[in-house]
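>>> no sequence on this one, just coordinates:
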């Protein structure tokens, strides 16, 4: 769809290239209609424009609509400052330290509304206001503070990729293009705005974002945009872990996790981020299970079914847990303590590179601890497992393992049947209790010494 209208439009009029003069496409020259914009985003733009400000839906939502995709959310950019936005909307609040934005609430919808940004500059330390100014950066070039408002054109330049620098006015139904993002969408290219090396130094997370967006949108990373990544990937070590984990989670839950991981590996970005990306997918034993978990997550997201980040993280770290578990058992530890020790080892190793928030720990550990219980199919144990609050997720985990050859397929099929049959049939399905048996103490009168003792043969019938 976008190819047809781009081919039709680009020959109709001279393109303006000045950074402060956008190419403006009217409703007859693009496929976006205001009915496709969420009610909250439309009303936010309408109210801001009515108050004399400019306001546009911006970024990923515009890009996705041009590609015929359904955006997950709609962000608004405006000339109004946060206090002005807050004064216009009763149900709104200002958030953020590094850069203030306003959350405008419309029922259950929250519209993230930000003021146009400009490059942050500081005065010369000697106080010479005529001296050159520079961005407030650390020694690696990462921008530490950018809470400076600017024009719409400056805001477009500050964005990362040309396809994200598109603005849509839902009142006039116009697309404003400052950086020729439409042309790059038509060419299926992901192009960095400005000098790629400089932009990666400003924010190293852009390297991960390049991998995610190119895989999600089916775009080829422009050679000039891709070339500096291998040289500058070490800068990711300077990014706060919480922000890095958030970007990794976006990648894994993008609905295109398999393609994203492949793109990370192509760019050599997977090393050091997550042990699961370092060795899980390369492990001949657990690699197929890790890939199966990624594929299953993608399928659930595409079907609009809920997914659990803890489930996916547990699946991707399972290979490390399983190897350590076998290691401890070979050293003589009983299975349960060995599994506990293996879980702690895996999580500690992960925290040494990129810490998984502890809010996921409990669910991950429960999924791991329940895995051995699927091999116990005698007595009352299957019934107790069925009643466990995490049974459904743990069984999905076990079934994925079985399909990938990491667990007995026969056991997974048994549990699939066991859940569906009635009580009497369940009793008939139970296996002989072949689990570890405990020695039972005999009850009865203690025999006097000489009449029988520990070494005496049992009487008939005992």
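Perfect, thanks for sending it. All of these numbers come straight from a predicted model, not from anything done at the bench.
>>> Okay, now the unreliable bits of the stretch 101-250 of the chain?
Scanning the stretch 101-250 of the chain for pLDDT under 70 picks out the ranges 119-147.
>>> Could I get the full set of helices for it?
152-158, 181-186, 196-202, 205-217, 223-226, 229-232, 241-252 (DSSP state H, counting those that start in this stretch).
>>> Compare those and give me the one nearest residue 113.
Between residue 113 and those, the shortest gap by Cβ to Cβ is with helix 152-158, which sits at 12.9 Å. Heads up, the C-betas are built off the backbone N, CA and C, glycines and all.
>>> So what touches that closest one?
With contacts defined as Cβ atoms under 8 Å, 6 or more residues apart in numbering, helix 152-158 is touched by 19-22, 54, 56, 77, 79, 116-119, 146, 150, 165, 167, 176, 178-179, 193-194.
>>> Nearest to residue 343 among the helices of the stretch 101-250 of the chain would be which one?
helix 241-252 (19.1 Å).
>>> buried set for the closest one?
By neighbour count on 16 or more other Cβ atoms under 10 Å, the buried set for helix 241-252 is 244-245, 247-249, 251-252.
>>> same question, stretch 110-118
Within stretch 110-118, the residues scored as buried using 16+ other Cβ under 10 Å are 111-118.
>>> just curious, which of those residues is nearest to residue 290?
Taking Cβ to Cβ as the measure, residue 112 is the one of these closest to residue 290, at 33.5 Å.
>>> what's near enough to touch the closest one?
By Cβ under 8 Å, 6+ apart, the neighbours of residue 112 are 73, 75-76, 101-103.
>>> Apply 10 Å and report the result again.
41, 44, 58-59, 73-77, 95-96, 101-104 (Cβ atoms under 10 Å, 6 or more residues apart in numbering).
>>> Give me the helices and strands touching the longest helix anywhere in the chain, please.
When the chain is scanned for its longest helix (criterion: DSSP state H), the result is helix 309-330. If contacts are counted by 3 or more Cβ pairs under 10 Å, 6 or more residues apart in numbering; DSSP states H and E, helix 309-330 sits against helix 241-252, helix 257-266, helix 275, helix 287-302, helix 335-351, helix 361-370, helix 391-403.
>>> Any chance of CSV for the ones you listed, columns distance to residue 409?
Output for the helices and strands packed on helix 309-330, formatted as CSV (distance: least, Cβ to Cβ, whole Å):
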stretch, distance to residue 409
helix 241-252, 26
helix 257-266, 23
helix 275, 27
helix 287-302, 13
helix 335-351, 21
helix 361-370, 18
helix 391-403, 5
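>>> which stretch in those helices has the least confidence?
Mean pLDDT is lowest for helix 275 out of the helices and strands packed on helix 309-330, coming in at a mean of 58.
>>> Surely residue 36 and residue 71 touch.
Yes. Taking Cβ atoms under 10 Å as the definition, residue 36 is a contact partner of residue 71 at 8.6 Å.
>>> what do these two both touch?
Counting by Cβ under 10 Å, 6+ apart, the shared contacts of residue 36 and residue 71 are 57, 61, 64-65.
>>> quick one: which two of the residues you listed are the most distant?
Using Cβ to Cβ, the pair of these lying farthest apart is 57 and 64, separated by 10.9 Å.
>>> follow-up on the earlier one: how distant is the longest helix of the chain from the center of its chain?
20 Å (Cα atoms, centre = their mean, to the nearest Å).
>>> in it, what's buried?
Counting neighbours by 16+ other Cβ under 10 Å, one finds that the buried residues in helix 309-330 are 309-325, 328-329.
>>> circling back: among the shared contacts of residue 36 and residue 71, which ones are in strands?
residue 57 (DSSP state E).
>>> Next one: the residue found closest to residue 310 once you drop the neighbours it is linked to in the chain relative to residue 63, how far apart?
Computed as Cβ to Cβ, 6 or more residues apart in numbering, the closest residue to residue 310 that is not its neighbour in sequence is residue 363, at 3.8 Å. For residue 363, the distance to residue 63 (Cβ to Cβ, to the nearest Å) stands at 34 Å.
>>> and what of residue 247?
Residue 247 sits 18 Å away from residue 63, going by Cβ to Cβ.
>>> and what of residue 240?
Distance, residue 240 to residue 63, using Cβ to Cβ: 27 Å.
>>> Neighbour count: these two, which is higher?
For the pair residue 240 and residue 63, the greater number of neighbours falls to residue 63 (24 against 9), based on other Cβ atoms under 10 Å.
>>> Residue 104 pairs with what?
Beta bridges link residue 104 to residue 92, residue 111, judged by DSSP bridges.
>>> since we're on it, how many residues are nearby?
25.
>>> residue contacts, it?
40-41, 43-44, 47-48, 76, 85-86, 88-93, 110-113.
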